[in-house]
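> Provided below for reference: sequence and predicted model.
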Amino acid sequence: MRLWTADEIATATGGTASAEFEVSGVTFDSREVGPGDLFLALSGETTDGHRFLDQAFGQGAAGAVVHSQTPHPHIIVADTMRALEAMGVAARARMQGKVIGVTGSVGKTGTKEALFAALDRQDPGYAHRSVKSYNNHTGVPLSLARMPASTRFGVFEMGMNHAGELAALTQFVRPHVAMVTTIAPAHMGFFKDEAAIADAKGEIFQGLEPGGTAIVPFDSPHRDRLIAAAKPYAAKIVTFGMGEGADVRAIETMRTRTGGTFVTARLGANEKGGRELSFTISQPGAHWVSNSMAILAAVDAVGGDLELAGLALAEMGGLAGRGQRFLAPVDGGEALVIDESYNANPASMRATLDVLSHEAGRKLAVLGEMRELGEHSDAFHAELWSPIAAAGVDFAILVGESMKPLANALEGHVDFVHVPDATAARDHLLDMLAPGDAVLVKGSNGVRLSSVVAALAERQPCSI
């Protein structure tokens, strides 16, 4: 499918085309280049994409955006990063559908994927979303630049770890619906308190299109702060959650035999003519019930089909690093692996430990340190002893120097070992893993616990 022509790229970026060509994809990572792609040669602090032009075209690139001459088909511009941003702006401008922006301390990526699944089920092939966690100053414009002009629904994740970042990103996305999933102590090393995090997350509302909708977590202690942030920009503010008074609320929940949740939700709970919808969430955990309320609110706000959204939630599988499950063969049987290795903060640790608590068999937790918590790090790590004990964890493998306060707190309560890195964690886990075990693997991405998951996956797992 044609995504951009050389002339369209040149017009969007103010550059000059060396030849006529068409591209079907866009990337700035030479390792990801495939046939028909546009390669953006970005210049960074440690490397320069121009060094990889021959490799990109060897892999089938149809064209490149560059700031210096090359014999390959190209658009030459003054600044390739500014060109990427300009392509994102142009892609958003030509798209005539509805756009949803998603942020929050926890649950951004899963919520974004569920929204995409719901909207793509309604209009197959006409929904678009940011892939992976492309949610920063390069990932957002790239995700926009990859959006076909025919898109009817676009879903974009936006992240931040400093004040002001979301204010810039949301101006690229210009959402019709802007959502905050939750506020939690993530990136506390860069903020004085949670209220400051809420203020930074509330910046997403500044990019709302006229007539747009803000979606706010009702059960958050920062609800009123977020509502105040939304009021100058939103024509409508919708709250979601579990508590009495939320506009979109889960009024009944029941855990299913397979670990998910059967939910009855009420939309427009504070208005006459409120609607009820019953559906099943395949993903386990109370946090997914809350996420599903935000998803229903967003689908409703863009005029989507709520019943199809419910079906999408029932069929959604886990994401790698964010709840994916598989059975790893061990001598004499299998062990369940819950892969939450992509990232961690105090709120997500508690949520996933609660998920582990419902699993049968011996419960093992491989927990990596939580980073970017600043002066609060020791306290946040130590406080994890309570949810670990409440989850009935039989053995914990604590990974990283910052886990020392937790090790001290667990002494005498839960059996554990404290290891320096992911390699040591992997070796210890493989030595003790037995049939029927349930293993949770979770930590900040920099701890690289994905290598532990990979070692288990190499045992020819069966996804579930």
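Right, received. Where do you want to start?

> next up, the contacts around Gly25.
Gly25 makes contact with 3, 34, 36-38, 146, according to CB atoms under 8 Å, 6 or more residues apart in numbering. Placement of C-beta: from N, CA and C, glycine included.

> likewise His381?
By CB under 8 Å, 6+ apart, the neighbours of His381 are 369-370, 373, 402-406.

> mind doing that once more with 10 Å?
346, 349, 367, 369-370, 373, 398, 400, 402-409 (CB atoms under 10 Å, 6 or more residues apart in numbering).

> tell me which of the residues you listed fall in strands.
367, 398 (DSSP state E).

> narrow the contacts of Gly25 to those in strands?
Using DSSP E, these in strands are 37-38.

> by neighbours, which of the contacts of Gly25 wins?
When neighbours are counted by other CB atoms under 10 Å, Leu38 leads those with 29 neighbours.

> quickly list what that one is bridged to.
Per DSSP bridges, the residues bridged to Leu38 are Val26, Gly63.

> touching, it and Gly15? I think so.
No. At 12.0 Å, Leu38 and Gly15 do not qualify as touching, with contact defined as CB atoms under 10 Å.

> common neighbours of the two, please.
With CB under 10 Å, 6+ apart, Leu38 and Gly15 have common neighbours 6, 9, 65, 74-75.

> looking at those residues, which is nearest Gly104?
Proximity of these to Gly104 (CB to CB) peaks at Val65, which lies at 32.2 Å.

> TSV for the shared contacts of Leu38 and Gly15, including pLDDT, neighbour count and distance to Arg94?
What follows is those, written out as TSV (pLDDT from 0 to 100; neighbours: other CB atoms under 10 Å; distance: CB to CB, whole Å):
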residue	pLDDT	neighbour count	distance to Arg94
Ala6	98	22	16
Ile9	98	28	13
Val65	98	26	18
His74	97	28	22
Ile75	98	29	17
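
> out of those residues, flag the one nearest to Val177.
Set against Val177, the nearest of the shared contacts of Leu38 and Gly15 by CB to CB is Ile9 (29.0 Å).

> what's the spacing between the spatially most central residue of the chain and His418?
Per CA atoms, centre = their mean, the C-alpha nearest to the average position across the chain is that of Thr109, at 1.8 Å. From Thr109 over to His418 the distance is 29 Å, taken as CB to CB, to the nearest Å.

> looking at Leu373 now. What's its pLDDT?
Looking at Leu373, its pLDDT reads 89.

> give me the neighbour count for it.
For Leu373, the count of nearby residues is 22 (other CB under 10 Å).

> same thing with the one 4 residues further on?
Number of residues near Ser377 (other CB under 10 Å) recorded here: 17.

> surely it is in contact with Gly189?
Yes. Ser377 sits in contact with Gly189 when judged by CB under 10 Å, with a separation of 7.7 Å.

> give me the common contacts of the two.
Arg371.

> helix or strand: which one has the residue of the chain positioned farthest from its centre?
Within the chain, Pro71 marks the point farthest from the mean C-alpha position, 38.6 Å out by CA atoms, centre = their mean. If you go by DSSP states H and E, Pro71 is not part of any helix or strand.

> show me the contacts for it.
So Pro71 contacts 18, 53-54, 57 (CB under 10 Å, 6+ apart).

> and it, its phi and psi?
phi -70, psi -10 (degrees, to the nearest 10).

> from Arg350, how far off is Val441?
From Val441 to Arg350 the distance is 16 Å (CB to CB).

> more crowded one of those two?
Taking neighbours as other CB under 10 Å, Val441 and Arg350 compare with Val441 leading, 28 against 19.

> list the beta-bridge partners for the more buried one.
Assigned bridge partners for Val441, using DSSP bridges, are Asp339, Val366.

> list the contacts for it?
Counting by CB under 10 Å, 6+ apart, Val441 has contacts 321, 337-341, 352, 364-368, 397, 399, 422, 425-426, 429, 449-453, 456.

> quick one: contacts for the spatially closest residue to Ala286 that is not a sequence neighbour?
The shortest distance from Ala286 to any non-neighbouring residue, by CB to CB, 6 or more residues apart in numbering, is to Asp354 (6.6 Å). Taking CB under 10 Å, 6+ apart, we find Asp354 in contact with 284-287, 387, 390-391.

> now a ChimeraX select for only the buried ones of the residues you listed.
Only the buried entries of the contacts of Asp354 go into this ChimeraX selection, using 16 or more other CB atoms under 10 Å:
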select :284,285,287,387,391
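
> which one among the contacts of Asp354 gets closest to Phe326?
Of all the contacts of Asp354, Pro284 has the smallest distance to Phe326: 14.4 Å, by CB to CB.
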